[in-house]
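Student: Using only what follows, build the 3D model:
(chains A and B, ligands or ions: 1)
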Amino acid sequence: MTNSIGDIEEADCIFITGSNTTSSHPIIADRVYRAKENGARVIVADPRRIHIARLADVHVQQKLGTDVALLNGIMHVILEQGWQDQEFIDQRCEGFESLRDTVKQYSPSVVEGITGVPAGDIERVAELYARANAASILYCMGITQHTTGVDNVKSLANLAMLTGNIGRPGTGLNPLRGQNNVQGACDMGGLPNVFSGYQQVSNPEANSKFASAWQAELSDKPGLPIPDMLAGLEDKSVQGLYVLGENPVMSDPDSDHVSHALQQARFVVVQDIFLTETAQMAHVVLPGVSFAEKDGTFTNTERRVMRVRKAVEPVGDSRQDWEIIQDLSNRLGYSMSYSSPEEIMQEIAQLTPSYGGITYQRLEGDGLQWPCPDTGHPGTKILHQERFARGLGLFHGVEHQAPAESVDQEYPYWLTTGRIYTHYHTGTMTHNSPTLEREAPEGWMEIHPDDARKLGLRTGDRVRVASRRGSVEAAAYVTEDISPGTVFMTFHYVESNANVLTNPATDPIARIPEYKVCAVSLEKAA
Amino acid sequence: MEYSSVLTTCTYCGCGCNFYLENLDGRLTGTIPCKTSPVNQGRLCIKGWNAHEFVQSDQRLTSPLIRKEGRLVPVSWEEALDYTASELAAIRSEHGPDSLAFLTSAKVTNEENFLLQKFARAAAGTNNIDHCARL
Ligand code: SF4
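Tutor: Next up, the predicted model:
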């Protein structure tokens, strides 16, 4: 998030897109409710009538995969009406002409044709967002999990910059991170091309800094992202896979393909707390510990680094995850001798400018929001206040592109996927929590009454859902919350895992798979 | 009876709510939302209220396992770590460091993420490290 969670209450207008906020980020949804009570206007753009859409001043249901067109349409109206913040554009940004030329072609009526959103609604959204004093954008995986994910995010950035809604309280471009420590995993260099703090492995200065701190020779060639690792397993260029706390067999698109790739591996190690679907395929399983049994830190979606503290002794013979890694490293001949997670944090602070001022002692209380470059720095609530990280904010003219897969005669329905309230990700933890499991023990598929009628389906009936990659069975749930022609499923359940169906086609830059759109056929099951 | 409550951060979503984990005689019995937390201000969602439940589930892994004759069987830590290290070393020496790949996790701590990427880059010698953030 460029801004902070508490800051959402300062907004006069909140534009929520691709985020089922109530379900995936309930505590953030609370802030939206409070802002609404204080008079803020709420706009929701989502193909489903999600819970938060019920309190929206405007809810538009764009067709799957048409976000760029919708946003271009909104910006078209803003420019036509002269609602842009010209001073902000002139002083803080560059590339405005390219944006202006691109959105010129996206008149509300053209955009209505692409997105299915009435032209009048597009105008209303533009007015509410652009004329607010402070407008905030909240988005989540409904924006990023597309082959056009990066384009979608660029378009949202265009909209925020165009109206000067960045760098002030109540504004901002605010991605809501799904898993608890996605932010931290990225910050810490859990990515193929960067060390911690987004320092490029191919940058000679960064590379030699880490090489000398770590007393090791380091490759300057960016590594493989997940889809390429899987391809590598299949063509044998990758032989060994080490998996820490992930369950790619369930979470990655086209599950059957992932299992197949893992079967090709010569050696798979899984370090986890449960015998996940992925662990069942491993050669070695190393039992780590849960959050309640360890010390450390998580970084939340507003960049706040907070302490995790050990509250109970680890179960059985399970072992601290950092100790497992350290023991293996020593056996591989690379010496590590940390005595605690706190000592690891000292090294993080030393090598990572944005975490430079973070110490366990300073995290007591509210934690600290990075960038926090030194121990005198109070942390940063709002990014880009004076300038952008790169200097001037760059506008990108972005054209609409259709999703990688389209409906046809054989696969006539659109499928989109997401989470539900009581479960989390692949369910490794929530299915083992009796209270949560009781709430929703089984997965279902949401379908519009018109479609249900055609297929002779009622709520509770079994339905077979097939895509070009595989098929699963689920119970139908008939609801007007979804548009005709589209169905919705979750990926929390082994028996009805939507990721057997989803398309592994990825965004060319971010390599995020297109979970949110694929084509399926439906058939009532016996 | 021994009771303690320890302030920590929720493991489920990116909001990062703070709560106290309650420990009664070595068993986790509940969570209490932290009222002074700038994030959740004393509130929690249903996942946070029940975040203690899976921790001591009888489904937890309690011992290292190695596949022998097709089945995963319990072994000692010595054996599991020796075997893992020797397999990783063998693959590296036969096919080079880039024949190894690492998946780190959006669920583990910053310190553990940092350490695994250091392990991949400095000990194993490859930048093949990624995680499921995109998911
Ligand atoms: S309590 Fe709920 S909203 Fe808060 S971090 Fe946990 S899962 Fe997220």
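
Student: Quick check: can you list the domain ranges of chain A?
Tutor: Split into domains by automatic domain parsing, chain A comes to A:6-176, A:182-369, A:413-524.

Student: Establish whether the longest one and the ligand are in contact.
Tutor: It refers to domain A:182-369. No. Using C-beta under 6 Å from any ligand atom, domain A:182-369 never reaches the ligand; the gap is at least 7.7 Å. Backbone N, C-alpha and C define where each C-beta goes, glycine included.

Student: Could you check how far that domain is from the centre of its chain?
Tutor: Domain A:182-369 sits 18 Å away from the centroid of its parent chain (C-alpha atoms, centre = their mean, to the nearest Å).

Student: Mind telling me which residue is nearest the centre of chain B?
Tutor: The residue lying closest to the centre of chain B (C-alpha atoms, centre = their mean) is B:Val108, at 4.5 Å.

Student: Let me know the distance separating the closest residue to the ligand within chain B from A:Arg31.
Tutor: Closest contact between chain B and the ligand, by C-beta to the nearest ligand atom, is at B:Gly48 (2.3 Å). According to C-beta to C-beta, to the nearest Å, B:Gly48 and A:Arg31 sit 16 Å apart.

Student: Looking only at neighbour counts, state which of these two leads.
Tutor: A:Arg31 (25 against 22; other C-beta atoms under 10 Å in any protein chain shown).

Student: before we move on, the earlier item: tell me which of the domains of chain A sits nearest to A:Lys381.
Tutor: domain A:182-369 (6.0 Å; C-beta to C-beta).

Student: could you give the mean pLDDT of the closest one?
Tutor: Regarding domain A:182-369, the rounded mean pLDDT is 94.

Student: now for that domain, what's the gap between its first and last residues?
Tutor: 15 Å (C-alpha to C-alpha, to the nearest Å).

Student: circling back: name the nearest residue to the residue nearest to the centre of chain B, sequence neighbours excluded.
Tutor: With C-beta to C-beta, 6 or more residues apart in numbering or on different chains as the criterion, B:Val108 has its nearest non-adjacent residue at 4.9 Å, and that residue is A:Gly245.

Student: Could you do A:Leu328 as well?
Tutor: Nearest to A:Leu328 is B:Ala85, by C-beta to C-beta, 6+ apart, at 5.4 Å.

Student: Outline the domain layout of chain B.
Tutor: B:3-49, B:98-135.

Student: In the stretch 301-450 of chain A, what residue spans correspond to strands?
Tutor: Along the stretch 301-450 of chain A, counting by DSSP state E, counting those that start in this stretch, strands occupy A:304-308, A:368-369, A:393-394, A:413-418, A:444-447.

Student: Run the chain-centre distance for the longest one.
Tutor: In this case it means strand A:413-418. Its chain's average C-alpha position is 17 Å from that of strand A:413-418, according to C-alpha atoms, centre = their mean.

Student: how would you label residue 30: helix, strand or coil?
Tutor: Answering for chain A, as no chain was given. A:Asp30 falls in the helix class when you classify it by DSSP: H, G, I helix; E, B strand; the rest coil.

Student: Wait, chain B was what I had in mind.
Tutor: strand.

Student: Can you name the residues that contact the nearest residue to it once chain neighbours are set aside?
Tutor: Of all residues not flanking B:Gly30 in the chain, B:Glu22 sits nearest, at 4.7 Å (C-beta to C-beta, 6+ apart). Counting by C-beta atoms under 8 Å, 6 or more residues apart in numbering or on different chains, B:Glu22 touches B:Tyr3, B:Ser4, B:Ser5, B:Leu28, B:Thr29, B:Gly30, B:Thr31, B:Ile32, B:His52.

Student: Look up the pLDDT of A:Pro434 for me, please.
Tutor: pLDDT, read off for A:Pro434, is 67.

Student: same deal with A:Thr422?
Tutor: You'll see A:Thr422 listed with a pLDDT of 52.

Student: May I have the longest helix along chain B as CSV, with CA atoms only?
Tutor: For chain B, the longest helix by residue count, based on DSSP state H, is helix B:77-95. Output of helix B:77-95 as CSV, limited to C-alpha atoms (Å, rounded to 0.1, in the frame of the first residue of the first chain):
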residue,chain,number,x,y,z
TRP,B,77,16.8,-35.3,12.3
GLU,B,78,20.4,-36.4,11.8
GLU,B,79,19.4,-38.8,9.1
ALA,B,80,16.9,-36.4,7.4
LEU,B,81,19.4,-33.5,7.3
ASP,B,82,22.3,-35.6,6.2
TYR,B,83,20.3,-37.2,3.5
THR,B,84,18.9,-33.9,2.3
ALA,B,85,22.3,-32.2,2.3
SER,B,86,24.0,-35.0,0.4
GLU,B,87,21.2,-35.2,-2.3
LEU,B,88,21.4,-31.4,-2.8
ALA,B,89,25.2,-31.6,-3.0
ALA,B,90,25.1,-34.5,-5.4
ILE,B,91,22.7,-32.7,-7.8
ARG,B,92,24.8,-29.6,-7.6
SER,B,93,28.0,-31.3,-8.4
GLU,B,94,26.5,-33.4,-11.3
HIS,B,95,24.4,-30.7,-12.9
